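Asker: okay, predicted coordinates and the sequence, questions at the end:
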Amino acid sequence: HLIGAAELDRLPAGAFVVNTARGEILDEVALVERLRSGAVAGAAVDVIANEHRVGVDSHPLIEYANAGGNVLITPHIGGAAEEAIAQTDAFIARKWIAAFGLQPIR
């Protein structure tokens, strides 16, 4: 909770909160409170705290969004971009080549 109630309260009126880093960075309960009150105009996240527990436990940000709140939640799939996958494949191939003394195919 690097960004909690105190930090959210310092935002200017009409501010939007965007979190694409880690869900745990943001105090989501404090964010929902400020979204409900109008102190924060909206939020967009592709990460949420305890995302591996979604569907098992309730989640305040998801519940707020499902109720028609001004929140956009997208899946945390930034690494699934075509360029990211290609770079990851090349990285792994270089590691295999180095680890096993192989010669790269040209």
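Answerer: Received it, and whenever you're ready, just let me know what you need.
Asker: what helices or strands is the longest helix belonging to the chain leaning on?
Answerer: Taking DSSP state H as the criterion, the chain has its longest helix at helix 82-100. Packing partners of helix 82-100 (3 or more Cβ pairs under 8 Å, 6 or more residues apart in numbering; DSSP states H and E): none among the helices and strands. C-betas here are computed from N, CA, C, even on glycine.
Asker: starting at the chain centroid, how far to that helix?
Answerer: Taking Cα atoms, centre = their mean, to the nearest Å, one finds helix 82-100 lying 25 Å from the centre of the chain it belongs to.
Asker: can you map out the strands along this structure?
Answerer: 16-19, 42-45, 71-73 (DSSP state E).
Asker: in the second one, which residues are buried?
Answerer: Neighbour-count burial for strand 42-45, with 16 or more other Cβ atoms under 10 Å as criterion, is recorded at Ala43, Val45.
Asker: so what's the most centrally placed residue in the chain up against?
Answerer: With distances taken as Cα atoms, centre = their mean, the residue of the chain nearest its centroid is Val47 (2.2 Å). Taking Cβ atoms under 8 Å, 6 or more residues apart in numbering, we find Val47 in contact with Asn19, Thr20, Ala21, Arg22, Gly23, His76.
Asker: for these, which one is nearest Ala41?
Answerer: Ranked by distance to Ala41 (Cβ to Cβ), these are led by Asn19 at 15.0 Å.
Asker: surely that closest one meets Leu26?
Answerer: Yes: here Asn19 reaches Leu26: they are 5.0 Å apart, a contact under Cβ atoms under 8 Å.
Asker: compare the two (neighbour count), which wins?
Answerer: The neighbour comparison of Asn19 against Leu26 (other Cβ atoms under 10 Å) goes to Leu26, with 25 against 20.
Asker: compute the distance between the more buried one and Glu7, please.
Answerer: With the distance defined as Cβ to Cβ, to the nearest Å, Leu26 ends up 9 Å from Glu7.
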